[in-house]
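Undergrad: what's the 3D shape of this:
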Amino acid sequence: MTNKKNPIWTKSFVSISLTQFVVFITFYTLLTTLPIHVIINMGGNEAQGGLLATIMLVAAILVRPFSGKILERTGKKNALMMSVFIFAVTTFLYMWITQYEALLALRFFHGLSFGILTTATGAIAADVIPPERRGEGLGYFAMAMNIAVVVGPFIGLSLLQFTTFQTVFLTLSLSMLLGVISSWIVYVPQQAEEIPAPVRKRLSLHDLFEVKALPIAAISGLTGFAYSGILSFISLYANSLGLAAISSYFFVVFAFLMILSRPYLGRAFDVRGPSFVILPCLVIFAIGLVSLSFTQSAWGLLISAGLIGLGYGSLLPSFQTMAVQSASKHRSGHATATFFTLYDTGIAVGSYVLGLLITFASFSTLYIMSAAVVLMVAGLFYFYQSKRHRGPQEERTTMNA
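TA: Numbers count the residues shown, from 1 in each chain. Take a look at the predicted model:
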């Protein structure tokens, strides 16, 4: 008898992870440098720069419910290659845009391909990982995005010290060629392709969402709501504390702790179950937010970053794994689309609502409220898990009666 595990790091897994990494490097580099481009070269302001990020996320959220259907109709591999190619071509167009309105339109178009592309990468990653190691594998896959959060802005801001925006856009465009090639190498198992449903004249809820994935997707959306306070306001908060020079290290510490914990927590998810990982991570995430709300020093800021990285870092892949596991194998594309639709909505709504909150409350209050939302998520998750486990138990009791 052998205990040999099925491998995670296959050629397809490495290729889809590399595609994800290159795409998110481009995404985060543009997110960081475009507002500066708008202010310096287009005579815009901070609000116009911020709108460039919002419009792209809005486009991605709008297209996500249809992404599962697109993957079903075209096949996951074809959808991946087409969306990566369009994303790469769109990246080239930034070099020739000189008007703000045209840039806004380009960002919206870029968001459409981004929404389909990231749904395809997430669904394919889940398909090429052995089912019994999905929690661990998706944890490694999510690291491609988490590392890009740190590397992308670093590359963009470093290049701008020596060269022009056009060179930055050209560098990103050329790097996307690597993404196109790596997406071409990916092999999607035939049995993982979605079975096209009979063509109907009207779209149904089933065409847009995987209903079984909605509860855990809603829980991930609330988590995204709480995390949006970190994404959108950590730099402003650090500036208000006089810690602007330290703020750039926040996501470095965040990513370091996340990467350090990922192998253990991923394996624990597969062996001990979701609750063993998710409930403690939610509590640590909430403690990190409370710690952040009381921070007055550089050490306090970095310790909070470590706690938040340790707590939040494993939540996204864990929730995604549960969303995919809730659906039948041929509906993994719809489950992934449902998951990211609600998660992205949580980030977008959170950025807006918490932004309004800051106009009449302090940053400390914002992070305390975010911690309260995370504890509420922990309660909802515990209730959701209890209900899931109660169902089969009651079924067995009825059969034995």
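Undergrad: so where's the stretch 51-200 of the chain shaky on pLDDT?
TA: For the stretch 51-200 of the chain, the stretches flagged by pLDDT under 70 are 191-200.
Undergrad: Go again with 90.
TA: Counting by pLDDT under 90, the ranges of the stretch 51-200 of the chain that qualify are 51-55, 57-58, 61, 64-73, 126-127, 131-163, 188-200.
Undergrad: Repeat that for the stretch 301-401 of the chain.
TA: In the stretch 301-401 of the chain (pLDDT under 90), the answer is 313-314, 316-317, 320-321, 324-337, 340, 344-345, 347-363, 387-401.
Undergrad: Could you pull out the helices in it for me?
TA: Here the stretch 301-401 of the chain has its helices, by DSSP state H, counting those that start in this stretch, at 315-326, 332-358, 363-400.
Undergrad: who wins for proximity to Leu34 among these?
TA: Among those, helix 332-358 comes nearest to Leu34, with 16.6 Å by Cβ to Cβ. Every C-beta, even on glycine, is put in place using the N, C-alpha and C of the backbone.
Undergrad: Tell me which of the helices of the stretch 301-401 of the chain is the most buried.
TA: Compared across those, helix 315-326 shows the largest average neighbour count, a mean of 25 (mean count of other Cβ atoms under 10 Å).
Undergrad: That one - contacts with which helices or strands?
TA: helix 100-128, helix 134-160, helix 214-240, helix 250-272, helix 274-293, helix 332-358 (3 or more Cβ pairs under 8 Å, 6 or more residues apart in numbering; DSSP states H and E).
Undergrad: Can you name every helix or strand that the fifth one contacts?
TA: The contact analysis (3+ Cβ pairs under 8 Å, 6+ apart) places helix 274-293 against helix 214-240, helix 250-272, helix 298-312, helix 315-326, helix 363-400.
Undergrad: Also the fourth one?
TA: Applying 3+ Cβ pairs under 8 Å, 6+ apart, one finds that helix 250-272 contacts helix 134-160, helix 274-293, helix 298-312, helix 315-326.
Undergrad: In contact with the closest residue to Phe381 other than its chain neighbours, which residues?
TA: Distances taken as Cβ to Cβ, 6 or more residues apart in numbering put Ile219 closest to Phe381, at 5.6 Å, once the chain neighbours are dropped. Applying Cβ atoms under 8 Å, 6 or more residues apart in numbering, we find Ile219 in contact with 319, 377, 380-381, 384.
Undergrad: again, but for Gly179
TA: With contact taken as Cβ under 8 Å, 6+ apart, Gly179 is in contact with 18-19, 22-23, 26, 84, 87-88.
Undergrad: quick one: which of these is nearest to Gly49?
TA: Set against Gly49, the nearest of the contacts of Gly179 by Cβ to Cβ is Thr26 (17.6 Å).
Undergrad: Quick one: list the elements packing against the helix or strand containing the closest one.
TA: Assessed by DSSP states H and E, Thr26 sits inside helix 11-41. For helix 11-41, the elements it packs on are helix 46-74, helix 76-93, helix 100-128, helix 134-160, helix 165-185, judged by 3+ Cβ pairs under 8 Å, 6+ apart.
Undergrad: okay, those helices, which one's buried deepest?
TA: helix 100-128 (a mean of 23).
Undergrad: re the thing from before, quick one: which of the helices and strands packed on helix 11-41 is nearest Leu289?
TA: For the helices and strands packed on helix 11-41, proximity to Leu289 was assessed by Cβ to Cβ; helix 134-160 is nearest, at 17.9 Å.
Undergrad: Having no further points to raise, I will conclude here.
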